[in-house]
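1. Build me a structure from this.
(2 chains)
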Amino acid sequence: MTDNRLPAIVKEFQSDILAEWVKEQTQPGAIRPGLIRESELRSQCEEFLNLLTQAAQRGNVSDVTRSEFSAVRDMIDRTSRTRAELGFSSAETALFILSLKRPLFGRLRKQLERDPNTLFQEVWSATELIDRLALLSTEAYQRGRETVISRQQSEMLELSTPVVKLWDGVLALPLIGTLDSNRTQVVMETLLQRVVETGSEIVIIDITGVPTVDTLVAQHLLKTISAARLMGVECIISGIRPQIAQTIVHLGVALGEVTTKANLADAFKLALRKRGLGISRSNTPSA
Amino acid sequence: MERIPILKMGEFLLVTIQVDMHDRLAMTLQEDLMTKIAANGARGVLIDISSLEMVDSFIGRMIGQTAAMSRVLDAQTVVVGMQPAVAITLVELGLALEGVRTALTVEKGMDLLRACVESRMEDVTDDGHEG
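-> Just a heads-up that it's a prediction; the model follows:
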């Protein structure tokens, strides 16, 4: 095993490498402008180089999973996650590490010009090291993105199921977006809970905001309606667009005995009539 | 052995399930109920399951069967006060209890039962006029 020159070279020329590295990243086309300030970038680079030097001096540079590199790994993890949240692309995140290659190799070449064999070996081990670290950074970035996505998913699930009270004993459930089984579960629970709270007898399910109704969506709808019926609640489906009416029939979906109306106003009128109520124009128009 | 009481209110029978149902209890209830309907000539049965927090497929099927049996004995059945969790479970089990009337509260259930029985009586009178 040859003596590794990389740590010593990085340590000796740290400020030069840092300057070139920052320049590499701030040149036009590397990172979209406005994502990160140069001072912040510089401090990140500096921290990374410091940690890398410390780790490389203490350990073997060919294995980044060793404990000497834990500080470097933590730093990469942290910055990559932050970048994921700031809206960096995965390429831009990986570039943070990968762009270190050119300044580092340049420096290696200058120092080891007279010894091509050692130069090759050093370049190879440096490439391996940087590639591994870049992979770590990409993985961390992806994990960061996945956290964001799953959080948004659960937020959307909660946001998307409002149950509104239209009148005493009449609830409306405006559905927006596609109905999958997860969502159906949430919709069902929220709806039935509100039914118990308000003691309602009629629920209008408005599907104006549901883009497509296929057999699966229809099945989920019918499930919700059956559950409501078991609690003594009658459901009316409203907001069926002409195209959806056509699809429903073409697909052979049986909506059974469920009352359907073209729009919410008709459904509301029917609901009121079932409750023995009605709407009439007052004789004395208000000023 | 524990039993679920069946109360008689005029021509209706009232059953309130306030304990966790197990299979034997459910079958005893079914038998008792049928006997009572036949003995009293009851026209309607109201089953209040608002305290029932758990159901399995057996209890679900039992409720459906009880309603069907009562209908054979010419009594209407209304199930009232089903908990949301119970309703969701039954639907997931594929037991939508088609043909069982439901209501949210005992009061509404009673109204529904009266309405059902009255409409059936009217049918009979109408038939009488025509005949």
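
2. which non-adjacent residue is nearest whichever residue of the stretch 51-200 of chain A sits closest to chain B?
-> In the stretch 51-200 of chain A, the residue that lies nearest chain B is A:Leu192 (3.3 Å; CB to the nearest CB). Using the backbone N, CA and C atoms, a C-beta is placed for each residue, glycine as well. Spatial nearest neighbour of A:Leu192, chain neighbours left out: B:Pro84 (3.3 Å); criterion: CB to CB, 6 or more residues apart in numbering or on different chains.

3. who are the neighbours in contact with the one you found?
-> When contacts are counted by CB atoms under 8 Å, 6 or more residues apart in numbering or on different chains, B:Pro84 touches A:Met188, A:Glu189, A:Leu192, A:Gln193, A:Val195, A:Val196, A:Ala227, A:Met231.

4. circling back: the residue of the stretch 51-200 of chain A closest to chain B: which element?
-> Using DSSP states H and E, A:Leu192 sits in helix A:181-198.

5. Contacts made by that helix with the rest, please.
-> By CB under 8 Å, 6+ apart, helix A:181-198 touches A:157-158, A:160-161, A:163, A:165, A:169, A:171, A:173, A:175, A:177, A:179, A:200, A:203, A:220, A:223-224, A:227-228, A:231, A:233, B:83-84, B:87-88, B:91, B:104.

6. now swap in stretch A:86-105 and tell me
-> Outside stretch A:86-105, the residues that touch it by CB under 8 Å, 6+ apart are A:10, A:16-17, A:20-21, A:24-25, A:30-32, A:35-36, A:44, A:76, A:79-80, A:83-84, A:123, A:126-127, A:130, A:133-134, A:137-138, A:141-142.

7. Could you check the pLDDT of the residue nearest the centre of chain B?
-> The C-alpha lying nearest the average C-alpha coordinate of chain B belongs to B:Thr77 (CA atoms, centre = their mean; 3.7 Å). With respect to pLDDT, B:Thr77 scores 92.

8. a strand runs through it, doesn't it?
-> Yes. If the criterion is DSSP: H, G, I helix; E, B strand; the rest coil, then B:Thr77 is within a strand.

9. Can you tell me how far A:Leu171 is from A:Val164?
-> Noted for A:Leu171: a distance of 7 Å to A:Val164, by CB to CB, to the nearest Å.

10. ugh, wrong one, B:Leu13
-> Distance, B:Leu13 to A:Val164, by CB to CB: 38 Å.

11. quick one, which of the two is more surrounded?
-> Neighbours per residue, other CB atoms under 10 Å in any protein chain shown: of B:Leu13 and A:Val164, the larger number sits with B:Leu13, 23 against 12.

12. Next, give phi and psi for the more buried one.
-> phi -110, psi 140 (degrees, to the nearest 10).

13. Which strand residues bridge it?
-> B:Leu13 has these beta-bridge partners by DSSP bridges: B:Lys8, B:Val45.

14. Give me the distance between it and A:Gly29.
-> B:Leu13 sits 83 Å away from A:Gly29, going by CB to CB.

15. can you tell if the lengthiest helix in chain B touches chain A?
-> Scanning chain B for the helix with the most residues, using DSSP state H, yields helix B:106-130. Yes. Using CB under 8 Å from any CB of the partner chain, helix B:106-130 reaches chain A at B:Lys108, B:Gly109, B:Leu112.
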